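> compute the structure for the input listed below.
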Amino acid sequence: MDDRLSYREKEALPDSAFGLPERREYPMPDAAHVRAAEAYFRYCPEELRPKLARAILQRAKEFGVDVESPVILGYADQ
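Here you go, the predicted structure:
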């Protein structure tokens, strides 16, 4: 599955589909995008990493994605 969304597809997503809804960044409408958010986690600003990590884990649970990254799991506990 492709992890690229067109501008129109991204604009059509509700804020709740994003890892950082206030910035509309890290869209996670499906399992492929949860994995993409995990891969791009390192580009997230430091102060937003705990929020994004928790969002990734929540969406991963919804889509049956196993997140094993110790970095993401560590930030989610903050």
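
> ok, residue 49 - how many residues close by?
Residue 49 has 18 neighbours, counted by other C-beta atoms under 10 Å. In short, each C-beta sits where N, CA and C put it, glycine included.

> what of the one 10 residues further on?
Counted by other C-beta under 10 Å, the residues lying close to residue 59 total 25.

> next, give phi and psi for it.
In terms of degrees, to the nearest 10, the main-chain angles of residue 59 are phi -70, psi -40.

> tell me the contacts of it?
By C-beta atoms under 8 Å, 6 or more residues apart in numbering, the residues touching residue 59 are 19, 28, 34, 37, 65.

> may I have the residues that are in contact with the closest residue to residue 51 other than its chain neighbours?
Spatial nearest neighbour of residue 51, excluding adjacent residues (C-beta to C-beta, 6 or more residues apart in numbering): residue 20 at 6.7 Å. Applying C-beta under 8 Å, 6+ apart, we find residue 20 in contact with 26, 44, 48, 51, 52, 55.

> check what pLDDT the last one gets.
Spelled out, that is residue 55. Residue 55 carries a pLDDT score of 98 in this model.

> distance of it from residue 4?
With distances taken as C-beta to C-beta, to the nearest Å, residue 55 is found 20 Å from residue 4.

> the more surrounded of the two?
residue 55 (21 against 9).

> centre of the chain to the host helix or strand of the more buried one, how far?
Using DSSP states H and E, the element containing residue 55 is helix 49-63. What separates the centre of helix 49-63 from the centre of its chain is 6 Å, taken as C-alpha atoms, centre = their mean, to the nearest Å.
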